[in-house]
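Student: Need a 3D model of the following:
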Amino acid sequence: TIFATAFSPDGRHLVCGTSSGELHVWAVTSGTMETMPAPDQHRIVQLHRCAVYSLIFVSTKSGTLLVSGSDEDIRGWRWDDLLDVSSAPVPAMELQNPRKSLRRRGLGPLSETSALVHDPLTNVLYSAAGDGNAYAWDLSTHQCVSTFSGHSDQLHCIAARTHRRQIVTGSEDGTVRLWDVRTAGCTGTLLADGTSGAKSESAAAPSAYGWCGCLAVDASENWLVAGWGAGFLCTFELNTLACVACLPTAAAPQAACFLPGSTSELVTAGAEPNLYKWSLTGELMTRALCSSQSVYALAARHFDADGVVVAAGGTAGGVDVFVDISHRSYTLAL
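Tutor: Numbering: from 1, shown residues only. Below you'll find the model as predicted:
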């Protein structure tokens with residue numbers, strides 16, 4: 001099963017993380033992906049002993065890192081080392097989400113890292129954890145510098161509003177929370193029925209709506225999409241916290257992303273074999289068949305020759321590539 005996908009910053013590679021802890025890397029051929037053969041697999045690397053839930057690329061002064069989140073820890077890998085097939089890469093960074101202190105100097109269990117996001121303006125990495133907290137990591141010191149507490153259950157997703165100095169988290173408790181990264185305080189709560197709450201409100205969504213399984217913020221940082229377990233998504237205007245539209249799906253949404261270069265279009269997928277393309281106002285633009293019965297990961301990138309290309313990974317053990325979002329162009333097998 002594939003839980004994470006991403007395009008490299010230069011667009012030359014596509015990567016995915018699997019339930020067995022492996023990283024699969026494909027070299028993307030320049031030119032028109034629609035008419036050329038599927039990319040060749042570059043290499044396979046064992047990143048963790050357990051499932052990889054999140055992959056993001058981070059630019060540093062010393063080069064590009066690929067950061068991976070798993071059940072046990074967060075690791076940073078030098079991208080050049082991962083591409084070098086002549087050597088076995090070793091992590092350049094290893095982090096563990098804080099553990100609760102127990103009696104007699106004991107420590108609580110490790111919490112998994114469900115999602116990661118990086119703020120390039122401050123060089124801070126944010127992790128969404130299974131203990132219901134989000135954590136901020138200073139990548140220059142590899143230290144945890146803030147804890148964001150307020151959710152009553154595990155976190156599934158996280159996004160950043162870097163220019164607004166905020167992060168956004170979605171939880172099993174059915175709420176979306178906005179946080180001020182300077183104070184680690186909650187500044188607002190969004191519910192599955194489209195309403196919003198005050199920063200001090202300890203609100204839980206009605207059980208009929210279920211958990212928040214995915215969310216995404218657009219490039220302008222004005223729009224948010226979030227998906228709930230009852231089988232729908234909502235779009236929100238973040239300056240007013242107003243719900244703009246409800247987007248019904250056949251099953252629980254599990255992945256969402258805004259299309260690069262667009263101010264009003266997004267794609268979503270979930271516990272069904274479909275990739276949806278929507279407008280912010282709730283119009284269903286296309287729906288395409290996926291090879292996976294359940295899709296957990298989406299990545300999108302703009303290519304000069306093709307426009308926007310979307311990669312989707314899930315239970316089928318392969319990555320579906322959509323050059324035209326109305327249909328699957330091909331599937332990259334593991």
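Student: give me every residue that touches residue 88.
Tutor: Contacts for residue 88 (Cβ atoms under 8 Å, 6 or more residues apart in numbering) come out as none. (Glycine included, C-beta is placed from N, CA and C.)
Student: Could you check how many residues crowd around residue 9?
Tutor: Neighbour count of residue 9, defined by other Cβ atoms under 10 Å: 13.
Student: same question, residue 263
Tutor: 12.
Student: can you check residue 65 too?
Tutor: 24.
Student: and stretch 91-100, average pLDDT?
Tutor: Averaging pLDDT along stretch 91-100 gives 91.
Student: Which residues does it contact?
Tutor: By Cβ under 8 Å, 6+ apart, stretch 91-100 touches 65, 67, 72-78, 81, 107-111, 113, 127, 129, 131, 133, 135, 137, 139, 142, 144, 147.
Student: Repeat the analysis, applying 6 Å as the threshold.
Tutor: Here stretch 91-100 makes contact (Cβ atoms under 6 Å, 6 or more residues apart in numbering) with 73-78, 107-108, 111, 129, 135, 137, 142, 144.
Student: what's the spacing between the particular helix or strand that has residue 275 in it and its chain's center?
Tutor: Residue 275 is part of strand 272-279, with elements assigned from DSSP states H and E. Strand 272-279 sits 16 Å away from the centroid of its parent chain (Cα atoms, centre = their mean, to the nearest Å).
Student: Where do the helices of this protein begin and end?
Tutor: Taking DSSP state H, the helices of the chain run over residues 79-83.
Student: which residue is nearest the middle of it?
Tutor: In the chain, the centroid-proximal residue (Cα atoms, centre = their mean) is residue 115; its distance is 5.5 Å.
Student: how close does it get to residue 74?
Tutor: Per Cβ to Cβ, to the nearest Å, residue 115 is found 11 Å from residue 74.
Student: Any buried residues in stretch 58-75, and which?
Tutor: For stretch 58-75, the neighbour count (16 or more other Cβ atoms under 10 Å) marks 58, 60, 64-75 as buried.
Student: Please apply the same query to stretch 247-266.
Tutor: Buried, per 16+ other Cβ under 10 Å, within stretch 247-266: 247, 249, 251-260, 265-266.
Student: Kindly report the same for stretch 154-169.
Tutor: 154-162, 164, 166-169.
Student: same deal with stretch 228-242?
Tutor: Neighbour counts over stretch 228-242 (16+ other Cβ under 10 Å) mark 228-236, 238, 241 as buried.
Student: how about that stretch as PDB, C-alpha atoms only?
Tutor: Output of stretch 228-242 as PDB, limited to C-alpha atoms (Å, rounded to 0.1, in the frame of the first residue of the first chain):
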ATOM      1  CA  TRP A 228     -14.800  14.200   6.500                       C
ATOM      2  CA  GLY A 229     -15.400  10.500   7.100                       C
ATOM      3  CA  ALA A 230     -19.100  10.800   6.400                       C
ATOM      4  CA  GLY A 231     -18.200  11.200   2.700                       C
ATOM      5  CA  PHE A 232     -17.900  14.900   1.800                       C
ATOM      6  CA  LEU A 233     -15.500  17.800   1.700                       C
ATOM      7  CA  CYS A 234     -16.000  21.500   2.500                       C
ATOM      8  CA  THR A 235     -14.300  24.500   1.100                       C
ATOM      9  CA  PHE A 236     -13.600  27.500   3.400                       C
ATOM     10  CA  GLU A 237     -12.600  31.100   2.900                       C
ATOM     11  CA  LEU A 238     -10.000  31.400   5.600                       C
ATOM     12  CA  ASN A 239     -10.100  35.200   6.200                       C
ATOM     13  CA  THR A 240     -13.700  34.900   7.300                       C
ATOM     14  CA  LEU A 241     -13.800  31.200   8.200                       C
ATOM     15  CA  ALA A 242     -16.900  31.000   6.000                       C
END
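Student: what mean pLDDT would you report for it?
Tutor: Mean predicted confidence for stretch 228-242 is 96.
Student: now what about it, what contacts it?
Tutor: The contact list for stretch 228-242 (Cβ under 6 Å, 6+ apart) reads 188, 192, 194, 196, 209-212, 222, 224-227, 243-249, 251-253, 280.
Student: Turn the buried ones among those into a named ChimeraX selection, would you?
Tutor: In ChimeraX, a selection of the buried entries from the contacts of stretch 228-242 looks like this (16+ other Cβ under 10 Å):
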select :188,192,196,209,210,211,212,222,224,225,226,227,243,244,245,247,249,251,252,253,280
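Student: Residue 151: how many residues sit nearby?
Tutor: 27.
Student: same deal with residue 297?
Tutor: Other residues within reach of residue 297, judged by other Cβ under 10 Å, total 25.
Student: go on, the one 3 residues further on?
Tutor: The burial count assigned to residue 300 is 22, neighbours taken as other Cβ under 10 Å.
Student: Now for the closest residue to it other than its chain neighbours: which residues touch it?
Tutor: Computed as Cβ to Cβ, 6 or more residues apart in numbering, the closest residue to residue 300 that is not its neighbour in sequence is residue 310, at 4.8 Å. Neighbour list for residue 310: 267, 300, 322, 325 [criterion: Cβ under 6 Å, 6+ apart].
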